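Trainee: need a structure here:
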Amino acid sequence: MDLVEATDFAVMARYDLKFWPDEETAAEVLALAEKVKRIVWATLPNDFI
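Mentor: From the prediction side, this is the model:
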């Protein structure tokens with residue numbers, strides 16, 4: 001899953017009340033979110049944290 005797919009996923013999860021991902025998709029999105037979080041935290045200056 002890439003960021004474009006994750007964006008689509010986030011929109012569907014927020015606005016489509018009938019949307020419910022399967023376990024594999026949810027795990028992929030969670031892993032991608034954790035990867036993005038690690039990258040963002042690594043780029044922040046130390047005094048920001």
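
Trainee: now for the protein, which residue lies nearest the mean position of the chain?
Mentor: With distances taken as Cα atoms, centre = their mean, the residue of the chain nearest its centroid is A33 (3.4 Å).

Trainee: how close does it get to K18?
Mentor: For A33, the distance to K18 equals 22 Å [Cβ to Cβ, to the nearest Å]. In short, each C-beta sits where N, CA and C put it, glycine included.

Trainee: on that earlier part again, now the host helix or strand of the residue nearest to the centre of the chain: buried residues?
Mentor: According to DSSP states H and E, A33 maps onto helix 23-43. Residues of helix 23-43 classed as buried: 28-29, 32 (neighbour count, 16 or more other Cβ atoms under 10 Å).

Trainee: Return the residues in contact with D2.
Mentor: The contact partners of D2, taken as Cβ atoms under 8 Å, 6 or more residues apart in numbering, are L32.

Trainee: Could you check how far it is from P45?
Mentor: Distance of D2 to P45, computed by Cβ to Cβ: 27 Å.

Trainee: on that earlier part again, can you tell me, leaving aside adjacent residues, what's nearest to the residue nearest to the centre of the chain?
Mentor: Leaving aside its sequence neighbours, A33 sits nearest to A6 (Cβ to Cβ, 6 or more residues apart in numbering; 7.3 Å).

Trainee: burial measure for that neighbour, as a count.
Mentor: Residues lying near A6 (other Cβ atoms under 10 Å) number 15.

Trainee: Which residues does the helix or strand harbouring it contact?
Mentor: Using DSSP H and E, A6 maps to helix 3-15. Identification of contacts with helix 3-15 by Cβ under 8 Å, 6+ apart yields 1, 19, 21, 25, 29, 32-33, 36.

Trainee: okay, the residue sitting furthest away from the middle of the chain: pLDDT?
Mentor: Centroid-distance maximum for the chain: D47 at 25.5 Å, with Cα atoms, centre = their mean. We note a pLDDT of 82 for D47 in this prediction.
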